[in-house]
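K.L.:
Mind looking at a prediction? Sequence and model below.
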Amino acid sequence: MTLTKLVLMIGAIALGLTLLVGFFYKSHKNWLMTYLQNFCGALFVFSGWVKAIDPLGTAYKMEQYFAEFESTFSETWMSFIAPMFPWLSEYSIGFSVFMIVLEIVLGVMLIIGSRAKLTSWLFLLIVGFFTFLTGFTFLTGYVPGDVNFFEFGKWGKYVETNMKVTDCGCFGDFLKLKPKTSFLKDVFLLVPALYFVFKHKDMHQLFTGKIRTGIVAATTIGVFLYCLSNYSWNLPHTDFRPFNVGKDVRATKMAEEEAAANIKIIGYTLTNKASGEVVSLDYDTFLKEFSKYPKAEWEYEQEQSEPEIEATKISDFDFSDSEGNNMTEEILNEPNYHFMVVCHKLYYDGESVNKVVYPDTLFKVDTVLIEGNPEPQLVRSIDTIEMRERQEVSYSWDASYLEKWPQLNEVLAKAEQKGYRTYALVGGASTAMIDDFRHASQSAYPFYEADDILLKTIVRSNPGLVLWKDGKIIQKWHINKLPAYEKIEASYIK
């Protein structure tokens, strides 16, 4: 699905709705207004629905924005508002559900013409909010890595890799848009948003006032419950992410890495440091004429070919054990069924530093002559034992989080008894923290360390369980919908 196809689809739906309104409701006032109501309403319902399938995805995107806003504002005279963003990040899932429900409800209100003035202003506010987010995302492409966003005089040319948030999440994982495209889309939507505000009296209204209110109320409750079912009670019923059930992760990772290795340099863009003159050369011409452009006077930027296969998060699938040994290939090449616990964050209430006293043995080394051996031999003997102190950090783990692990560990214990490999991937935690949690949760299987964003992508549950075989994902489970081992074996292990 591309944005062009999506717009055409929404446009066709809006046209059909407009014709129905014109045919059945002769009292409608303005064909253009009716079409824009239906188009913007259908667009909001669809974009809200694909996000409602995965509310955690929108929450994670908001966390990214909040982190960038905190970093950006903390370096300016407005630093006093920076502490607000970590607080907002703690409630990102609530904010996500609120925005998703509001978006879908507004779409429905536009289509049926409910509370025209209120709907118009709310639509303008939410489109303005989206325009701010997508505009910030796009404009950070002009901001070098060591420059603050508000240092406008230090902005440079647009570089896509400068962007801290790579996409706005407007359509969740269903459709990824380039930041510039997202920004222009929202700027375009400001036009009907303003039109609605100034001409809201021309809006069509379907049904009676009581029926419209009932539809809005039912939509609000229904969408709210639907959002909860897709993250709090179970996994999203549709998985748009790369680690979906049935995916051959090993083959996909190899293909993406091969495509990345085959990227070729096709040319160079050269910028004169003094005059700002820009010269574009293809690769062969550059090889012949590069001596004319000394690096002391010119900045070089490579132009590369596009990879044959676009990289996904599968390319970042990588993890290691506590000693730094990479375990990725070993796990992907495991031919038998194996169980992976995914945990992107360990929750704790607090931590404390304790002093531990331990004996330290000091050795004395001497050289002695041993009969029959002409060379002196080194002999080590105990000289003394001293008591030393070291500091250890212990954690007070969140009780409600620990309660999720006994059932999980029971499933994995039975899997181990059957000879299947079990392990966990943990993100955002130190080795000492992971070791402490293993003891607290009484988890006997090994824990490996991975990137927390990667783990969020694999499964929308913390913890969650993934069944693998020969590099492929067989099934995934939310912790609240985890079946007994016997049911897993009967249904998925052949």
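P.N.:
Nice, I can see it. Numbers count the residues shown, from 1 in each chain.
K.L.:
Got the confidence number for residue 357?
P.N.:
On pLDDT, residue 357 comes in at 58.
K.L.:
wait, I meant residue 130
P.N.:
pLDDT, the model's per-residue confidence, is 90 for residue 130.
K.L.:
Next, the buried residues of stretch 25-37.
P.N.:
For stretch 25-37, a neighbour-count test (16 or more other CB atoms under 10 Å) marks 28, 33-37 as buried. To be clear about C-beta, it is placed using only N, CA and C from the backbone, and glycine gets the same treatment.
K.L.:
Check the offset of the strand or helix carrying residue 342 from the chain's centre.
P.N.:
Using DSSP states H and E, residue 342 sits in strand 337-343. Distance of strand 337-343 from the chain centroid (CA atoms, centre = their mean, to the nearest Å) equals 20 Å.
K.L.:
Looking at the buried residues of stretch 25-37, which is nearest residue 131?
P.N.:
Proximity of the buried residues of stretch 25-37 to residue 131, judged by CB to CB, is greatest for residue 36, which lies at 17.4 Å.
K.L.:
List the residues that contact that closest one.
P.N.:
Residue 36 is in contact with 192, 195-196, counting by CB atoms under 8 Å, 6 or more residues apart in numbering.
K.L.:
run the last query once more with 10 Å
P.N.:
Listed by CB atoms under 10 Å, 6 or more residues apart in numbering, the contact partners of residue 36 are 14, 18, 30, 110, 191-193, 195-196, 199, 203.
K.L.:
List just the nearest of these to residue 44.
P.N.:
residue 110 (7.0 Å).
K.L.:
surely that closest one meets residue 126?
P.N.:
No: the pair residue 110 / residue 126 is not scored as a contact, 11.4 Å apart, by CB atoms under 10 Å.
K.L.:
okay, and the common contacts of the two?
P.N.:
Common neighbours of residue 110 and residue 126 (criterion: CB under 10 Å, 6+ apart): residue 44.
K.L.:
Please say which of the two ends up with more neighbours.
P.N.:
The neighbour count for residue 110 versus residue 126, taken as other CB atoms under 10 Å, is higher for residue 110 (28 against 17).
K.L.:
SS state for the more buried one?
P.N.:
What DSSP: H, G, I helix; E, B strand; the rest coil gives for residue 110 is helix.
K.L.:
roughly how far apart are it and residue 203?
P.N.:
As judged by CB to CB, to the nearest Å, residue 110 and residue 203 stand 8 Å apart.
K.L.:
okay, and the common contacts of the two?
P.N.:
With CB under 10 Å, 6+ apart as the test, residue 110 and residue 203 both reach 36-37, 116, 119-120, 196.
K.L.:
so which strand or helix has residue 266?
P.N.:
Here residue 266 sits within strand 265-272, counting by DSSP H and E.
K.L.:
average pLDDT for that strand?
P.N.:
Mean predicted confidence for strand 265-272 is 88.
K.L.:
In terms of secondary structure, what does the very next helix or strand once past it contact?
P.N.:
In the C-terminal direction, the helix or strand that comes right after strand 265-272 (DSSP H and E) is strand 278-282. Judged by 3 or more CB pairs under 10 Å, 6 or more residues apart in numbering; DSSP states H and E, strand 278-282 is in contact with strand 265-272, helix 283-289, strand 298-304.
K.L.:
closest to residue 67 out of these?
P.N.:
That would be strand 298-304 among the helices and strands packed on strand 278-282, by CB to CB, at 28.2 Å.
K.L.:
How far does the closest one sit from its chain's centre?
P.N.:
Centroid separation for strand 298-304 versus its chain: 30 Å, with CA atoms, centre = their mean.
K.L.:
returning to that earlier point: got the angle for the strand holding residue 266 vs strand 278-282?
P.N.:
Orientation check (axes from the mean of the first three to the mean of the last three CA atoms, to 10 degrees): strand 265-272 against strand 278-282 gives 160 degrees.
K.L.:
quick one, what contacts the residue nearest to residue 441 when sequence neighbours are not counted?
P.N.:
Closest residue to residue 441 apart from its sequence neighbours, by CB to CB, 6 or more residues apart in numbering: residue 405 at 4.3 Å. For residue 405, the contacting residues are 341, 343, 397, 412, 424, 437, 440-443, 463, 479, by CB under 10 Å, 6+ apart.
K.L.:
could you redo the residues you listed as a markdown table and give each row secondary structure and pLDDT?
P.N.:
Listed next are the contacts of residue 405 as a markdown table, based on DSSP: H, G, I helix; E, B strand; the rest coil; pLDDT from 0 to 100:
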| residue | secondary structure | pLDDT |
| --- | --- | --- |
| 341 | strand | 97 |
| 343 | strand | 96 |
| 397 | strand | 91 |
| 412 | helix | 96 |
| 424 | strand | 96 |
| 437 | helix | 93 |
| 440 | helix | 92 |
| 441 | helix | 93 |
| 442 | coil | 92 |
| 443 | coil | 93 |
| 463 | coil | 95 |
| 479 | helix | 95 |
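K.L.:
for residue 457, what are its contacts?
P.N.:
57, 60, 173, 241-243, 312-314, 316-317, 342, 344, 451.
K.L.:
cutoff 8 Å now
P.N.:
Residue 457 makes contact with 241-243, 313 under the criterion CB under 8 Å, 6+ apart.
K.L.:
Quick one: which of those is the most crowded by neighbours?
P.N.:
residue 243 (21 neighbours).
K.L.:
nearest spatial neighbour of that residue, skipping sequence neighbours?
P.N.:
Residue 243 sits nearest to residue 458 (CB to CB, 6+ apart), 4.6 Å away.
K.L.:
residues contacting the one you found?
P.N.:
241, 243, 342, 425, 464, 466, 476.
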